[in-house]
Structures are given as structure tokens and as C-alpha cells.
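Chemist: quick one, fold the following:
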Amino acid sequence: MKVILRTLYSILLMGAGVLHFINLEGFRRIVPSVLPCKTFIVKFTGVLEILFSFLLWVKSKHNIYGKLIALFMIAVFPANVYMALKKIPFKPGTEANPYVLYGRLPLQIPLIIGALKLGRR
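Modeler: Next up, the predicted model:
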């Protein structure tokens with residue numbers, strides 16, 4: 001079961017990381033306006049997600065990587081809240097669906113818990 005969870009989580013991280021580069025402008029829009037260097041932040045978090053998708057498979061450091069991924073999920077949560085509050089759509093030029101924007105916020109909890117579980121032996 002843990003292999004399935006690890007595989008799904010790895011695919012999710014890889015996909016999200018790649019999307020940071022495919023949809024750079026869309027991700028730049030959800031970086032809160034008080035933060036500088038939006039392009040750097042988007043690319044950096046994209047690289048981290050791609051890196052984490054591989055690190056999930058490094059057995060000797062599961063504990064550390066699980067905690068790092070959980071901390072990362074906590075760190076990016078404010079961007080998701082900002083996106084919902086500002087009604088920023090996923091795709092530029094489309095209308096934001098508030099049910100989707102707010103509905104995805106609680107999904108961060110299983111991502112945090114999943115990262116911590118994958119970090120355990």
C-alpha cells in the first residue's frame with residue numbers, strides 16, 4: 001500500500017512541478033503581491049516539487065524527506081489561500097470557480113499527513 005501511495009504522491013509532485021514551468025504566468029499570479037521575485041519563486045518551488053518526487057524513493061532518508069515535503073506543503077498553503085481569496089483562476093483568461101478554489105484548500109491536509117506517513121519506516 002505504501003508503494004502505491006509513494007507512486008501517486010511522486011506523480012502528483014512531478015506533475016505539479018512541471019506545471020510550474022508550463023504555466024509560469026499562471027503560477028506567478030498566485031504568488032502574493034507582497035513577495036518580490038515572483039518568477040524565481042515559481043521556478044524554485046517547481047524545481048523543489050520535481051526534486052521531492054524523486055527523493056520520495058530514497059530509502060535511507062525517508063524520515064527527513066517526508067518532513068521536508070510536509071513543511072513545503074505547509075509553506076505553499078498561503079499561496080492557495082491567496083488564490084481563493086483573490087478568486088484567481090487556474091487558467092488565465094477564464095473565470096475562477098470559488099467552489100474549486102476553496103474546495104481544494106482542505107486537500108492540503110492529506111498531502112501533509114501523506115508526506116509524514118511516507119517519511120516513516
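
Chemist: distance of residue 9 from residue 34?
Modeler: Using CB to CB, to the nearest Å, residue 9 is found at 30 Å from residue 34. In short, each C-beta sits where N, CA and C put it, glycine included.

Chemist: how about residue 32: what's its closest non-neighbour residue?
Modeler: What sits nearest to residue 32 in space, not counting adjacent residues and going by CB to CB, 6 or more residues apart in numbering, is residue 82, at 4.8 Å.

Chemist: look at residue 9 and residue 34 and report which has more neighbours.
Modeler: Higher neighbour count among residue 9 and residue 34: residue 9, with 20 against 6, using other CB atoms under 10 Å.

Chemist: the more buried one against residue 118, yeah?
Modeler: Yes. Assessed by CB atoms under 8 Å, residue 9 is found in contact with residue 118 at 6.4 Å.

Chemist: who touches both of the two?
Modeler: Taking CB atoms under 8 Å, 6 or more residues apart in numbering as the contact rule, residue 9 and residue 118 both touch residue 56.

Chemist: quick one: the lengthiest helix in the chain to chain centroid distance?
Modeler: If you go by DSSP state H, the chain has its longest helix at helix 62-85. In terms of CA atoms, centre = their mean, to the nearest Å, the centre of helix 62-85 is found 6 Å from the chain centre.

Chemist: what's it in contact with?
Modeler: In contact with helix 62-85 (CB under 8 Å, 6+ apart) are residues 13, 30-32, 45, 48-49, 52, 55-56, 58, 88, 98, 101-102, 104-105, 108, 111-112, 115-121.

Chemist: among the residues you listed, name the buried ones.
Modeler: Buried subset of the contacts of helix 62-85 (neighbour count, 16 or more other CB atoms under 10 Å): 13, 30-31, 45, 48-49, 52, 55-56, 101, 111-112, 115, 118-119.

Chemist: mind listing what's buried along stretch 83-99?
Modeler: Buried, per 16+ other CB under 10 Å, within stretch 83-99: 83-84, 90.
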